[in-house]
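Chemist: quick one, what's the 3D model for this:
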Amino acid sequence: MNNYCIKSVFIISCLIWFSSSLKAQEEKFKAVFIYSFTRNIDWPSAAMRDNFIICVMGESKIVQELKDLASTKKISNRTVFILTVQAGQSIPDCNVLFITKENDKQISGTAKLLGNKPVLIISDRSNGCKLGAGINFILRNQNLNFEISKTGILARGLLVNNQILALGTIVE
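Modeler: From the prediction side, this is the model:
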């Protein structure tokens, strides 16, 4: 019986470690996706400042993943800064706003608050596009994928490249 308990604890520990490892990898992939999205979206020249700002609403491991990418990569030849905002706070001028799963109830209100500002809203909730996000992450068959609302992105004064439309699932 004692040997059985030790094996059970070991197996459970391995599953917990593996699960947290997969979550960390998922956040890394999402960060890479976000950077890739920025290469396929065009902002109006008035919205492009000296720096490219990505805001993350809520605490998430993706913040560090984005900061790691920002330390080595630029977007449109601009230095990238990652800012964290909390739900209910005013949202600084940013080019991209990523809304974490923990804040998914804020998608609709935040989209309305931003009005038609040229901000690409990305959510971590399936059906986030129907709530006001331009892009939302989904898991399909254990693979990270995304839905994209061309209409929602265009309504914010952003232009979307057809290549990204071909890679995601278009929703309106």
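
Chemist: how near is K61 to A31?
Modeler: K61 sits 9 Å away from A31, taking CB to CB, to the nearest Å as the criterion. The way it works is simple: take the backbone N, C-alpha and C, and place the C-beta from them, glycine included.

Chemist: repeat that for G132.
Modeler: Taken as CB to CB, the spacing of G132 relative to A31 amounts to 22 Å.

Chemist: same check on Q142?
Modeler: Plainly put, Q142 is 19 Å away from A31 if you go by CB to CB.

Chemist: tell me which of those two has more neighbours.
Modeler: More crowded of Q142 and A31, by other CB atoms under 10 Å: A31, with 24 against 6.

Chemist: where in the protein is pLDDT low?
Modeler: Within the chain, the ranges that satisfy pLDDT under 70 run 1-24.

Chemist: quick one: the strands in it, in order.
Modeler: Applying DSSP state E to the chain gives strands spanning 41-42, 51-57, 79-85, 96-99, 120-123, 135-140, 143-148, 159-160, 169-170.

Chemist: which of these sits closest to Q25?
Modeler: strand 143-148 (9.4 Å; CB to CB).
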